[in-house]
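Novice: Just need the structure, nothing else, for what follows:
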Amino acid sequence: MSDASLWTALADPHRRAIVALLLERPRSVGEIVAACGLSQPSTSKHLKVLKEAGLVRVRQDAQRRVYALDPAPIAELDAWLAPYRALWNGSLDALGRRLDETTPNAPEEPSPKD
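Specialist: As a prediction, the model looks like this:
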């Protein structure tokens, strides 16, 4: 797997939808076709790209091909994103503190008139 093939594979919304489906459980090509609403040839092309990128594994089950996620590339992607996530978390925490400092206290409810 190369970094470029991983990013290319995940750039397509149909392939991301397939990855999301496979996150739930392994699925046959027929199940993926039905869930995604794509043609069988189109689905097979997307699965081929995902397989070449190392994101999915395939096993033969009688006449069916069953696809499952391979977690290793996702873990590599997560590790690569970690410093950026930390950067954003720190920035968002700082923004939250700043907003807390500048937001006026909630107005008190008016007292009932006597």
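Novice: For residue 55, give me phi and psi.
Specialist: Backbone dihedrals for residue 55, given as degrees, to the nearest 10, come out at phi -80, psi -30.
Novice: brain fart, residue 62
Specialist: Dihedral angles of residue 62 (phi, psi; degrees, to the nearest 10) stand at phi 60, psi -120.
Novice: Now do the same for it: its pLDDT.
Specialist: Here, the pLDDT recorded for residue 62 equals 87.
Novice: burial of it, as a residue count?
Specialist: Using other Cβ atoms under 10 Å, residue 62 has 6 neighbouring residues. Just so you know, the C-beta spots here come from the backbone N, C-alpha and C atoms, and that holds for glycine as well.
Novice: Repeat that for residue 40.
Specialist: 11.
Novice: my guess is it meets residue 29, correct?
Specialist: Yes - contact criterion Cβ atoms under 8 Å: residue 40 and residue 29 qualify, at 6.9 Å.
Novice: ranges for the helices of this structure?
Specialist: Assigned by DSSP state H, the chain shows helices spanning 3-11, 13-24, 29-36, 40-52, 71-102.
Novice: Residue 64 is nearest to which of those helices?
Specialist: Proximity to residue 64, assessed across the helices of the chain by Cβ to Cβ, is greatest for helix 29-36 (7.1 Å).
Novice: could I get the closest one in PDB with only the CA atoms?
Specialist: What follows is helix 29-36, C-alpha atoms only, in PDB (Å, rounded to 0.1, in the frame of the first residue of the first chain):
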ATOM      1  CA  VAL A  29     -20.600  -7.900  -3.500                       C
ATOM      2  CA  GLY A  30     -24.300  -8.400  -4.000                       C
ATOM      3  CA  GLU A  31     -25.000  -6.800  -0.600                       C
ATOM      4  CA  ILE A  32     -22.700  -3.900  -1.400                       C
ATOM      5  CA  VAL A  33     -24.400  -3.400  -4.700                       C
ATOM      6  CA  ALA A  34     -27.800  -3.300  -3.100                       C
ATOM      7  CA  ALA A  35     -26.800  -1.000  -0.300                       C
ATOM      8  CA  CYS A  36     -24.900   1.500  -2.400                       C
END
